[in-house]
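Chemist: Let me see the structure of the following:
(2 chains)
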Amino acid sequence: MKRALILLLPLLLSGCTWRDAGDLSAVTSAAIARTGEDYALTAELAQPSGDTPIPQAVFASGSGSGAAQAIDAVGAGRDSQLYWSHTRVLLLDDSVLSAGIAGLTDELTAASEVRPSVRVCAAVDTDAAGILKDTASLSGEPVGFSLGDALEQAVHASQSPDAQLYRVLDRIRTDGVDAVLPAVTQKDGQAVLSGCVLLDAAGAQCGRLDETQTTALCLMQAGGEQAVFYDTDGTRIALSGCHTTMTADEQHGIVIHVQAKAACTDARQLHRAAYVVRMRCIDTVRQLDAAGCDALGLGRVCEQAGLTEQTGMPVTVSVTLSGTQSTEGGVR
Amino acid sequence: MRPSDLTFTTDLDHNIAQMKRIFAHDNTFICREVQGSGAPALRAALFFFDGMVESTTINQSLVRPLRRWARGPMPMDAVIHEVLEVDDCPLDPGMDKLFQAFLYGDTIVLVDGDSRPAVVNTKGFAKRSPEEPDNEKVLRGPREGFTEAFMGNLALIRRRLRTPNLCFEFMQVGSVSDTTVSLCYIDGIADQTVLDEVKRRVQAIDLDAVLDANYLSEIMRDDRASPFPTTGFTERPDIVAAKLLEGRIAIVVDGTPVVLTVPHILQETFQANDDYYVSYLYTNLTRWLRAFGFLLTLILPAVYVALVTWQQEMIPTRLLFSIAASRQGVPFSTFTEAVGTLIVFEILKEAGTRTPDTIGQALSIVGGLVLGQAAVDARFVSAPMVIVIAFSGVTALVVPKLRTATLVFRFFLLVCAAVLGLYGVLFGLALILAHACRLTSFGIPYLTNLLSAEKHSKRDVLLRYPWFAMKPRRRFLAGWNEVRR
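Modeler: Have a look, this model is predicted:
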């Protein structure tokens, strides 16, 4: 009897309440904007439907002086509990980026149920909430789903930086590498990737890269395994097995060495491809330098190499490609 | 008046009257008076029970020789030697043994002028032939199974182990049924301590009747409240022979095809009957599948409830929405739904077990498919819950020896999951493991071999080594009873 009581008591005292999966309103994506000093949050909720396995998207909005208050305001008055753990994407408005996202990322990480692996991206040339509300995904699923999937694919293909919340926070606070967010815009009723947004050390927007520069940046950051560039005449240069190293010494300065396999038919084409990739990379390094964003962590590389004088350290990009018949399988 | 209080006299008529008085209310009792052809004639009486005896034996070996006896009356010992044509006929074995044999199908023979009875082995009651047990079928291997015939069962064991060290010790249990129980073991392999403990426990049994081996099991086993089986059951003589070779003791109970084997440890529950008759590679694969199946059947409903009610973040997003969509309109909480579905599943299983085969199949289809689909359509339960419970139920079938443990622990873990989520499941599993660790079977730890550091004892636990690898030392229960070579 005593044993049974000892077993039963912790079970009862631990709180016999739970929330069923069906009682939750799962947030698939959210758009955050600033209106004055307040945060305005628009959440896309996936409403399960008994008739179809694809949930329907509904929207809820709220605002507050901080992100946590805005989240609470969105959930206030709803008959079901907002569930943030399955949120795939956080879209940040221009207004948020220009003010800096350091405080926001802190608050989202510490004071909300949002998973640290949620992907953060910037809404450019349009309103962040508008992207969620006005975009139709091809599968009929909530936009958060399709956008989340698209970002994952893009990261794998070096088309987008891997900007998960914990990584962004880490870069802003400690990493020694400035954060870069994928940029999303709306085109013909679809949410599409549009390069990336550069953030400075304080987490405020300081510039943008276009799609090609973004690919070069991802390649130099060793982000994805594959990458695609286009020559000036439109020739497609598909790289696979990408591997990037970065070294620094007083004699050579900073050297970024990119190795990859490229699909080609002869040595001439291979040389041309290496040249194109190298030029894209150099262009991107220049753009980063101009924007004042150390997204490649050049400062950190110098520090690790024991070089105290960083200003004016030359950056060299070296590209080594090995030819293959097809990087996408099969024989061309 | 009890039969054992009876005293025979030299007056045959008086003896007949006594016997008829004792069995006055038993219409199967037959008293056959026989008279020889001599002058004066030899008078004898045969007492037996209709249906319990072999009529041919009585007619040809007893009645005919007695009727043809042309000489005069003789004492009983002379009748046995000169008249009766029987092989087994003890003279005056004592009233207890006499009536024990008589009530078990033997025939009492009395002659006029001698008070000493003889008892002739004429047992001949109906019995099944040794068929393959329905619940212990094998893909390959012997197809014989025990029957309700006690001696026949012992013969089936003896036939497989032709060694003078094979011992059968008889004991009587049940104050009314007076059931014969035989302890079988191989002298020199079985552990004497365990054997003594088994004898002590059998002798201590105080029951009116023992009609099946489970009567003994429930009284003799170590932890009577544990859902884990600490005594083994089998209906196959080859399994009993194998277990005797491993140092175990078999308890054969008269009137049931089920034989108990002790000690019984956890590893045996994952061993199938034909593990040793098919390729060891196949055996090893299926043995792991059985263990995995047992784990699945225990934790699947609990983990599902824990994930859906507590740790939704661990469910992939699309799966979560699929589950949430299927739960739309279901009026019960996930826990209530799980308990209800499990109970319905167990009821259907029980009904299927108790009904004849043909109806049982129809019942399974109606219950499993039609009822399940209708319940989902009517939003009584969600489709994922039906899938989880059905899968859990099917996987339970791979370890039939742990049926009770599966049933009990599945509900226990379900409650733990509902109260504490995945932490509760782990907490419950830890409790079950702790319980198994403290279990013993006739003094042998229940997890013997699983936790043993002794190298050779692991050759038939998680993996079955091929026979050539087990040859240097025969597989055994534990280091304490190695086979002496």
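
Chemist: Name the next helix or strand following the helix or strand containing B:T406 along the chain.
Modeler: Here B:T406 sits within helix B:403-438, counting by DSSP states H and E. Using DSSP H and E, the helix or strand that follows helix B:403-438 in sequence is strand B:440-441.

Chemist: Give the pairing partners of that following strand; include direction for each.
Modeler: strand B:444-445 (antiparallel) (DSSP bridges).

Chemist: in the helix holding B:T406, what counts as buried?
Modeler: Neighbour counts over helix B:403-438 (16 or more other Cβ atoms under 10 Å in any protein chain shown) mark B:405-407, B:409-422, B:424-429, B:432, B:435-436 as buried. Where C-beta positions appear, they are placed from N, C-alpha and C, glycine not excepted.

Chemist: Say whether chain A is contacted by it.
Modeler: Yes. Contact between helix B:403-438 and chain A, assessed by Cβ under 8 Å from any Cβ of the partner chain, occurs at B:V415, B:C416, B:A418, B:V419, B:L420, B:G421, B:G424, B:L431.

Chemist: Could I get the full set of strands for the chain?
Modeler: No chain was given, so I picked chain A. Under the criterion DSSP state E, strands of chain A are mapped to A:24-35, A:38-47, A:56-64, A:81-83, A:89-92, A:119-123, A:180-187, A:190-199, A:205-209, A:227-230, A:236-249, A:253-263, A:315-324.

Chemist: That was the other one, I meant chain B.
Modeler: Going by DSSP E, chain B shows strands at B:29-35, B:43-49, B:107-111, B:118-120, B:166-173, B:179-186, B:232-234, B:249-253, B:259-262, B:440-441, B:444-445.

Chemist: partners of the second one in the sheet?
Modeler: Each strand that strand B:43-49 pairs with, and the sense of that pairing, follows from DSSP bridges: strand B:29-35 (antiparallel), strand B:107-111 (antiparallel).

Chemist: Highest mean neighbour count out of the ones you listed?
Modeler: Of all the strands paired with strand B:43-49, strand B:107-111 has the most neighbours on average by mean count of other Cβ atoms under 10 Å in any protein chain shown, namely a mean of 25.

Chemist: from the chain's centre, how far out does that one sit?
Modeler: 36 Å (Cα atoms, centre = their mean, to the nearest Å).

Chemist: swap in stretch A:225-241?
Modeler: Taking Cα atoms, centre = their mean, one finds the center of stretch A:225-241 at 22 Å from the center of the full chain.

Chemist: And it, what's buried?
Modeler: Of the residues in stretch A:225-241, those buried (16+ other Cβ under 10 Å) are A:Q226, A:A227, A:V228, A:F229, A:I237, A:A238, A:L239, A:S240.

Chemist: Alpha carbons of it, as CSV, please.
Modeler: Provided in CSV are the C-alpha atoms of stretch A:225-241 (Å, rounded to 0.1, in the frame of the first residue of the first chain):
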residue,chain,number,x,y,z
GLU,A,225,27.1,21.1,-50.9
GLN,A,226,26.0,22.3,-54.4
ALA,A,227,26.0,25.6,-56.2
VAL,A,228,25.0,27.0,-59.6
PHE,A,229,26.5,30.0,-61.3
TYR,A,230,25.8,31.4,-64.7
ASP,A,231,28.4,32.8,-67.1
THR,A,232,27.8,36.1,-68.9
ASP,A,233,26.6,34.1,-72.0
GLY,A,234,24.1,32.2,-69.9
THR,A,235,26.2,29.0,-69.6
ARG,A,236,25.2,27.1,-66.5
ILE,A,237,28.1,26.1,-64.2
ALA,A,238,26.9,23.4,-61.8
LEU,A,239,29.2,22.7,-58.8
SER,A,240,29.0,19.8,-56.5
GLY,A,241,31.0,18.5,-53.5
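
Chemist: Need the contact partners of that stretch.
Modeler: Here stretch A:225-241 makes contact (Cβ atoms under 8 Å, 6 or more residues apart in numbering or on different chains) with A:156-159, A:212, A:215-216, A:218-219, A:242, A:259-263, A:272-273, A:276-277, A:280, A:321, A:324, A:327-328.

Chemist: and it, what's its mean pLDDT?
Modeler: Taken as a whole, stretch A:225-241 has a mean pLDDT of 88.

Chemist: ditto for stretch B:461-475
Modeler: 69.

Chemist: Please apply the same query to stretch B:90-99.
Modeler: 86.

Chemist: distance between it and the chain's centre?
Modeler: 31 Å.

Chemist: now what about that stretch, what contacts it?
Modeler: B:3-7, B:76-77, B:80, B:101, B:108, B:116-119.

Chemist: run the last query once more with 7 Å
Modeler: Applying Cβ atoms under 7 Å, 6 or more residues apart in numbering or on different chains, the set of residues contacting stretch B:90-99 from outside is B:P3, B:S4, B:L6, B:M76, B:D77, B:I80, B:I108, B:R116, B:P117, B:A118, B:V119.

Chemist: Pull the contacting residues for B:F150.
Modeler: Counting by Cβ under 7 Å, 6+ apart, B:F150 makes contact with B:T180, B:V252, B:D254.

Chemist: Same question for A:P116.
Modeler: A:T109, A:Q164, A:L165, A:Y166.

Chemist: The third one: neighbouring residues, count only.
Modeler: Same thing as A:L165. Burial of A:L165 is recorded as 20 neighbouring residues (other Cβ atoms under 10 Å in any protein chain shown).

Chemist: same thing with the second one?
Modeler: Close neighbours of A:Q164, defined as other Cβ under 10 Å, add up to 17.

Chemist: pretty sure it is touching A:R119, no?
Modeler: Yes. Counting by Cβ atoms under 7 Å, A:Q164 does reach A:R119; the two are 5.8 Å apart.

Chemist: Just give me the longest helix of chain A.
Modeler: In chain A, taking DSSP state H as the definition, the longest helix is helix A:267-291.

Chemist: which helices and strands does that one pack with?
Modeler: Counting by 3 or more Cβ pairs under 7 Å, 6 or more residues apart in numbering or on different chains; DSSP states H and E, the packing neighbours recorded for helix A:267-291 are strand A:205-209, helix A:211-220, strand A:227-230, strand A:236-249, strand A:253-263, strand A:315-324.

Chemist: Name the residue of the stretch 51-200 of chain A with the shortest distance to chain B.
Modeler: A:S85 (3.7 Å; Cβ to the nearest Cβ).

Chemist: low pLDDT regions in the stretch 201-332 of chain A?
Modeler: Along the stretch 201-332 of chain A, the parts satisfying pLDDT under 70 run over A:308-312, A:325-332.

Chemist: Skipping adjacent residues, who's closest to B:D187 in space?
Modeler: Distances taken as Cβ to Cβ, 6 or more residues apart in numbering or on different chains put B:N165 closest to B:D187, at 4.4 Å, once the chain neighbours are dropped.

Chemist: Wait, the one you found touches B:Y185, no?
Modeler: No. Using Cβ under 7 Å, B:N165 makes no contact with B:Y185, being 8.9 Å away.

Chemist: of the two, who's got more company?
Modeler: B:Y185 (24 against 12).

Chemist: Now render the contacts of A:P116 as TSV, adding pLDDT and distance to chain B.
Modeler: Shown next, in TSV, are the contacts of A:P116 (pLDDT from 0 to 100; distance: Cβ to the nearest Cβ, whole Å):
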residue	pLDDT	distance to chain B
A:T109	86	15
A:Q164	93	15
A:L165	93	14
A:Y166	92	15
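
Chemist: Tell me which two in the residues you listed are the farthest apart.
Modeler: Across those, no pair lies farther apart than A:T109 and A:Q164, at 11.0 Å, counting by Cβ to Cβ.
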